[in-house]
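> Quick one, fold the following:
(2 chains)
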Amino acid sequence: MMWKDKYKVHVPIIDQQHEELFIRVFSFIEIVQQKGNWEDKITKIKDTLEFMQDYVVFHFDDEEKYQEKINYPHIEIHKQRHQKFKEAINAYAQRFESEGFHEELVQEFGGKLMTWLILHIQVEDQKLGEYAKNTGGYK
Amino acid sequence: MKVEYINPFYQATNHVFELMLNLPVEKGDMTISDELVSSKDANITLGVTGDLEGNILFAFPKSMALEMVKIMSGMELEELDTFVASALGEIANIVGGNALTKLSESNYLCDLIPPQITVGEYKSISMASKQVLTVTMKTSIGDFDLNMFLKKK
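Below you'll find the model as predicted:
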């Protein structure tokens, strides 16, 4: 399991969603890493990719709403980070469409996605958690 | 090679390993050589351009590389495959980005050339007469080399 307690920002709704996001990213990576014939896995890879992508959009939207609610002063920069994150995922999704779901490309994406997610949660979201804590924004 | 170019990369490595891997890093031996030959299994090179030019090479033994990705993914991994290489490349990228921010505070404006990853083979980077600084970095999951060659443009 990829999720660690230290990733918590101590805002229950965000922590729950982050955990779900990790579960979806992890299930995608798990399929990608599973031994076996690549061609046989492609349908499942596409499904888990879509399942993960949907949740990224849902969670980012929800998190931005929360930031508005608590008047988070760094909301604009945080939104930009979300936007870049989504664009980076979409850029790979487009490559999969045009170049096909090649094992090398999907593995490369898996490694990056995992690292980006941990980085985002450890840097941007921890800042948000810190602000929420200091302003009593836990809801 | 000035300390002020080197320190940001060393500090960024410490910071990013702590942030991403929960892994404290200690400085070990430092050597200076004319040519850089890495005998490690997973080698990641970052190019630096701008006010400073050169290369940063992270060289990891296989067991450590796999353990790093295990910390992030929670998965037992056996091979230095594209997934592992890609994750390590991103870690190096984050270190580089972090170091460049610190360098910009000393008015050195630089850009990064995305990581090049060589797995399972010895990597030799010839830098002619230029000097390469190698710092052995010690962690609880193994030691790796941080090789740096940077010069002012």
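
> Whichever residue of chain A sits closest to chain B: which element?
When distances are taken as CB to the nearest CB, chain A reaches nearest to chain B at A:G111, 2.8 Å away. For every residue, glycine as well, the C-beta is placed using N, CA and C. A:G111 is part of helix A:103-120, with elements assigned from DSSP states H and E.

> Tell me which residues are up against that helix.
A:2, A:7, A:21-22, A:25, A:28-29, A:32-33, A:38, A:45, A:81, A:85, A:88-89, A:92, A:95-96, A:99, B:19-20, B:69, B:72-73, B:81-91, B:94 (CB atoms under 8 Å, 6 or more residues apart in numbering or on different chains).

> Buried residues, it. List them.
A:103, A:105-120 (16 or more other CB atoms under 10 Å in any protein chain shown).

> Tell me what angle the following helix or strand past it forms with helix A:103-120.
Downstream of helix A:103-120, the first helix or strand assigned by DSSP H and E is helix A:126-135. With axes from the mean of the first three to the mean of the last three CA atoms, to 10 degrees defining the directions, helix A:126-135 sits at 20 degrees from helix A:103-120.

> now the strands for chain B?
Defined through DSSP state E, the strands belonging to chain B, from first to last, are B:26-33, B:35-38, B:42-50, B:52-60, B:110-119, B:123-126, B:132-139, B:142-152.

> Give the partner strands of the fourth one in its sheet and their orientations.
Read it as strand B:52-60. Strand pairing for strand B:52-60, using DSSP bridges, gives strand B:42-50 (antiparallel), strand B:142-152 (antiparallel).

> Just the buried residues of the first one, please?
It stands for strand B:42-50. Result for strand B:42-50 [16+ other CB under 10 Å]: buried residues B:42-48.

> With pLDDT as added columns, please give those in TSV.
TSV is the format used below for the buried residues of strand B:42-50 (pLDDT from 0 to 100):
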residue	pLDDT
B:A42	94
B:N43	93
B:I44	94
B:T45	93
B:L46	94
B:G47	94
B:V48	95
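
> from these, which single one is nearest B:D143?
Checking those against B:D143 with CB to CB, the nearest one is B:A42 at 13.2 Å.
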